[in-house]
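K.L.:
give me the fold of what follows.
(one chain, ligands or ions: 1)
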Amino acid sequence: MSELVLYIPAAHTPRLYPFVARAAKGLAKPVRERTVPRIRLSDLRCLDVRMHGSLERVRMPLVYPFIRTDAPNFDQAMPGPHLLTGPDWLVLGRNGYDLQRQLSAALEARARRGEETTLRVVPFAHMEGPLPQEPNEHDTAFVFRKGSENHNQPGWEQNKDRLLELPEEAWNEVGISNTADLVHVFDEALSRLAPESPRLILDVGCGLGQVTRSLALRYPGAEVVGIDASEEACAVAAKAFPLPNLSFKAVDFANPLPFSPGQADIIVSTNAVPYAADQLGFARELFTLLAPGGLLLNHCRAEESQHFWDFPKSLGLPTNVQIFLCDWFAAAQEAGLKTEVASVPVGMAAHFFAPSGSKAFATPLMDYADSRRHEPSLSYDPWFSHVLLAHSARARQAETAALPLEQNHLARLSRLLNSVLRAPAKMKEAAIVAWICTARELTLVPEVVEFFEAVLPESATVLRMVLGTTLGAV
Ligand SMILES: C[S@@+](CC[C@H](N)C(=O)[O-])C[C@H]1O[C@@H](n2cnc3c(N)ncnc32)[C@H](O)[C@@H]1O
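P.N.:
The predicted model follows:
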């Protein structure tokens with residue numbers, strides 16, 4: 001007989017209990033216990049949530065509705081953490097129908113495994129922290145995996161014949177997106193850190209190859225190779241850009257890259273490396289390909305910015321298309337390279353973060369991005385969506401105090417949330433609107449403020465500001 005314990009704030013138990021009872025019908029007999037005055041989060045049985053192939057992790061009970069696998073770019077075939085036996089559930093959402101769905105799936109999975117479940121519902125008046133992050137042997141492990149869907153591929157497959165005929169300027173006619181010449185993002189770092197007379201340059205995840213082409217023109221003495229999972233994109237790029245020192249190869253990041261260790265003098269990538277399912281492994285592989293004195297430039301969305309914009313969904317870790325800085329720092333260090341971090345306001349793709357396409361969120365963010373489009377790289381700020389990582393023996397090592405990589409997810413999230421207080425007005429406005437919209441979309445209970453104060457105590461002021469407005473609490 002195993003137990004599933006649902007902790008529900010007492011004020012919401014009368015409304016949510018009927019949904020729990022319906023979910024349990026024929027699967028378990030729910031026992032509604034007396035209200036307890038206080039629960040200690042450190043006593044709850046937790047999930048140890050990790051990202052596949054990453055150093056990133058967070059430890060918490062199954063906090064409904066934060067820990068979910070239905071975010072885009074996660075492996076949708078992966079069974080969710082709610083199907084596991086072990087963690088306690090802390091119910092901080094008030095969508096009864098959704099809770100019922102999740103809970104009945106959980107109980108059905110247990111029944112299929114032949115487990116008999118006792119379902120205990122514990123209403124509580126208050127909760128208190130902290131929530132220790134050290135791994136605990138009683139934790140239930142859960143690993144999020146990135147999905148392997150390539151969002152550009154359907155458009156390229158469908159339009160390959162037309163793209164082969166059209167000149168580059170007309171590619172937009174077939175509605176392709178997500179591929180552009182962003183070579184200027186690399187200008188400053190290339191002029192400062194690139195080895196002289198490079199022989200081999202790789203563009204990893206090159207798409208239709210505009211950046212690759214620009215590099216071939218800039219370095220006529222080098223062999224420049226664009227690699228991408230899409231055979232169609234490689235074929236279009238090869239036809240559009242017939243340069244003697246340029247070629248394209250269809251290669252999936254999941255397979256070993258067809259180059260020898262120490263062969264590449266420069267490796268660049270724009271908005272592609274996050275698609276590698278195993279971030280630490282892929283970082284190690286790319287660093288192995290670098291020649292001594294070589295330079296790797298990676299421009300893409302980073303964990304920090306995404307956690308910032310996606311809050312409070314990002315509390316339970318999953319974000320969709322980003323690299324984890326901890327992995328790239330760790331792999332660079334192993335390879336004897338330094339890591340320099342610059343933010344890149346260009347291409348902040350506000351719409352990507354806009355919850356439900358909220359104009360109030362997207363407009364100030366885009367205005368801000370536009371106003372800074374021509375500025376050179378700025379020093380790293382966690383609210384920017386994109387970073388440029390430069391890895392090289394000659395790079396200026398990022399001040400890790402500004403990027404507390406050794407801290408746990410909750411401590412970093414706290415720091416990120418607080419950074420909104422330093423953000424320029426438009427960014428602050430956009431962030432707060434984004435958080436309010438996401439919190440509303442999650443239909444949180446007002447008691448969630450108490451939970452955040454317990455697990456993210458440093459950012460309590462910011463959270464009260466946002467969640468107080470959203471939930472009518474405080
Ligand atoms: C957002 S596009 C960026 C393309 C290009 N670098 C640019 O900036 O225009 C992401 C690219 O990553 C490629 N990609 C995604 N998953 C991949 C994988 N598993 N292996 C290789 N390439 C992949 C896609 O085909 C696509 O070209």
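K.L.:
what about Gly468, distance to Ala21?
P.N.:
32 Å (C-beta to C-beta, to the nearest Å). No exception for glycine: its C-beta is placed from N, CA and C like everyone else's.
K.L.:
check contacts around the residue in the stretch 201-350 of the chain that the ligand sits nearest to.
P.N.:
Nearest to the ligand, among the residues of the stretch 201-350 of the chain, is Gly207, at 2.8 Å (C-beta to the nearest ligand atom). Shown in contact with Gly207 (C-beta atoms under 8 Å, 6 or more residues apart in numbering): Asn152, Asn178, Thr179, Asp228, Ser230, Ala233, Ala237, Ala272.
K.L.:
so which of the residues you listed sits lowest on pLDDT?
P.N.:
Ranked by pLDDT, the contacts of Gly207 bottom out at Asn178 (63).
K.L.:
doesn't Ile8 lie inside a helix?
P.N.:
No - going by DSSP: H, G, I helix; E, B strand; the rest coil, the assignment for Ile8 is strand, not a helix.
K.L.:
from Glu458, how far off is the closest residue to it other than its chain neighbours?
P.N.:
Closest residue to Ile8 apart from its sequence neighbours, by C-beta to C-beta, 6 or more residues apart in numbering: Val91 at 4.5 Å. Val91 is 25 Å from Glu458, where distance means C-beta to C-beta.
K.L.:
swap in Leu296?
P.N.:
On the measure of C-beta to C-beta, Leu296 and Glu458 end up 33 Å apart.
K.L.:
if you count what's nearby, which of those two comes out ahead?
P.N.:
Neighbour count, other C-beta atoms under 10 Å: between Leu296 and Glu458, Leu296 has more, with 28 against 14.
K.L.:
does the more buried one touch Ile267 like I think?
P.N.:
Yes - counting by C-beta atoms under 8 Å, Leu296 touches Ile267, with 4.5 Å between them.
K.L.:
shared neighbours of the two, anything?
P.N.:
Taking C-beta under 8 Å, 6+ apart as the criterion, Leu296 and Ile267 both touch Leu286, Leu290.
K.L.:
before we move on, what SS does Pro14 have?
P.N.:
Per three-state DSSP, Pro14 ends up helix.
K.L.:
ok, how many other residues are close to it?
P.N.:
Counted with other C-beta under 10 Å, Pro14 comes out at 11.
K.L.:
same thing with Ile432?
P.N.:
19.
K.L.:
do Pro167 as well
P.N.:
7.
K.L.:
quick one: contacts for it?
P.N.:
Ala240.
K.L.:
what number of residues lie near Arg422?
P.N.:
There are 11 residues near Arg422, going by other C-beta under 10 Å.
K.L.:
what of Glu134?
P.N.:
7.
K.L.:
identify the residue spatially nearest to it, adjacent ones excluded.
P.N.:
That would be Arg59: by C-beta to C-beta, 6+ apart, it lies 7.8 Å from Glu134.
K.L.:
contacts for the strand or helix carrying the one you found?
P.N.:
Here Arg59 sits within strand 57-60, counting by DSSP states H and E. By C-beta under 8 Å, 6+ apart, the surrounding residues in contact with strand 57-60 are 46-51, 67, 131-136, 139, 315-317, 408-410, 455.
K.L.:
do that again at 7 Å, thanks
P.N.:
46-50, 131, 133, 135, 139, 316-317, 408-410 (C-beta atoms under 7 Å, 6 or more residues apart in numbering).
K.L.:
check stretch 73-90 too.
P.N.:
Outside stretch 73-90, the residues that reach it (C-beta under 7 Å, 6+ apart) are 2, 5-7, 44-47, 61-64, 67-69, 102, 105-106, 109-110, 115, 140, 142, 144-147, 318, 320-321.
K.L.:
near the ligand, list only the ones from those.
P.N.:
Counting by C-beta under 6 Å from any ligand atom, the subset of the contacts of stretch 73-90 that neighbours the ligand is empty.
K.L.:
please flag which of those sit within helices.
P.N.:
The helices, defined by DSSP state H, take in Gln102, Ala105, Ala106, Ala109, Arg110 from the contacts of stretch 73-90.
K.L.:
and the chain, what are its domains?
P.N.:
As given by automatic domain parsing, the domain ranges for the chain are 2-144, 155-407, 417-471.
K.L.:
out of these, which gets the lowest mean score?
P.N.:
Among these, domain 417-471 has the lowest mean pLDDT, at a mean of 81.
K.L.:
dump the residue contacts of Leu286.
P.N.:
Contacts of Leu286 by C-beta under 7 Å, 6+ apart are Val204, Ile267, Leu296.
K.L.:
repeat the analysis, applying 6 Å as the threshold.
P.N.:
By C-beta atoms under 6 Å, 6 or more residues apart in numbering, the contact set of Leu286 is Ile267.
K.L.:
quick one: whichever strand or helix holds it near the ligand?
P.N.:
Using DSSP H and E, Leu286 sits within helix 279-289. No - contact of helix 279-289 with the ligand is not found when judged by C-beta under 6 Å from any ligand atom; the minimum separation is 9.4 Å.
K.L.:
equivalent analysis for stretch 297-308, please.
P.N.:
No - judged by C-beta under 6 Å from any ligand atom, stretch 297-308 and the ligand are separated, with a smallest distance of 8.0 Å.
K.L.:
end to end on that stretch, go ahead and measure it.
P.N.:
23 Å (C-alpha to C-alpha, to the nearest Å).
K.L.:
next one: stretch 188-199
P.N.:
End residues of stretch 188-199 are separated by 20 Å (C-alpha to C-alpha).
K.L.:
next, the buried residues of it.
P.N.:
Ala189, Leu190, Leu193, Ala194, Pro195, Pro198 (16 or more other C-beta atoms under 10 Å).
K.L.:
Three-state assignment for the nearest residue to the last one once chain neighbours are set aside, please.
P.N.:
Sequence neighbours aside, Asp265 is the residue nearest to Pro198 in space, at 3.6 Å (criterion: C-beta to C-beta, 6+ apart). When classified by three-state DSSP, Asp265 comes out as strand.
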